[in-house]
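>>> Sequence first, then the predicted structure, then my questions.
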Amino acid sequence: MEPLLPNGSRVIASLYQPGEPLRLGDVVLARRPDRPEVEMVKRIEAFDGDRVVLAGDNPTESTDSLVFGPVDRSAVIAVIRWRYWPIPPRRL
């Protein structure tokens, strides 16, 4: 599968506020639980109580919840709202 956000993408995001609802399919910026200094962009695949299951769009190249398990919602930094570069392909 082609990554949703290729290298060099520019996005608009909103900071995540604790208690704000998250939805399945949201693309988020989050801290890796095993290496908190590393930030990652992943899609929310499922919920596990106060934890979220994060999945990458490129399973063969991605490190996600299959490796480190569900992450606390407090690890979510921002929700990606829109990609403006590169310009998304036009759909007919």
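Yes, it's here. Numbering: from 1, shown residues only.
>>> Backbone torsions only: list them for Ser74.
phi -70, psi -20 (degrees, to the nearest 10).
>>> which intervals of this structure have sub-threshold pLDDT?
Applying pLDDT under 70 to the chain flags the ranges 1-3, 88, 92.
>>> quick one: the strands in it?
Here the chain has its strands, by DSSP state E, at 10-15, 27-31, 39-48, 51-55, 71-72, 76-85.
>>> Please name every helix or strand in contact with the fifth one.
Same thing as strand 71-72. strand 51-55 (3 or more C-beta pairs under 8 Å, 6 or more residues apart in numbering; DSSP states H and E). No exception for glycine: its C-beta is placed from N, CA and C like everyone else's.
>>> for the strand it packs on, packing partners?
For strand 51-55, the packing partners by 3+ C-beta pairs under 8 Å, 6+ apart come out as strand 27-31, strand 39-48, helix 65-68, strand 71-72.
>>> What is the burial count for the residue nearest to Asp34 when sequence neighbours are not counted?
Leaving aside its sequence neighbours, Asp34 sits nearest to Phe68 (C-beta to C-beta, 6 or more residues apart in numbering; 5.1 Å). Neighbours of Phe68 under the rule other C-beta atoms under 10 Å: 13.
>>> Run through the residues that contact Phe68.
32-34 (C-beta atoms under 8 Å, 6 or more residues apart in numbering).
>>> Check these against Val53 and report the nearest one.
Pro33 (12.0 Å; C-beta to C-beta).
>>> looking at it, that closest one is touching Val67, isn't it?
No: Pro33 sits out of contact with Val67 when judged by C-beta atoms under 8 Å, with a separation of 10.0 Å.
>>> between those two, which one's more packed in?
Neighbour totals were compared for Pro33 and Val67, and Pro33 leads with 17 against 11 (other C-beta under 10 Å).
>>> Which residues are in contact with the more buried one?
68-69, 71-72, 75.
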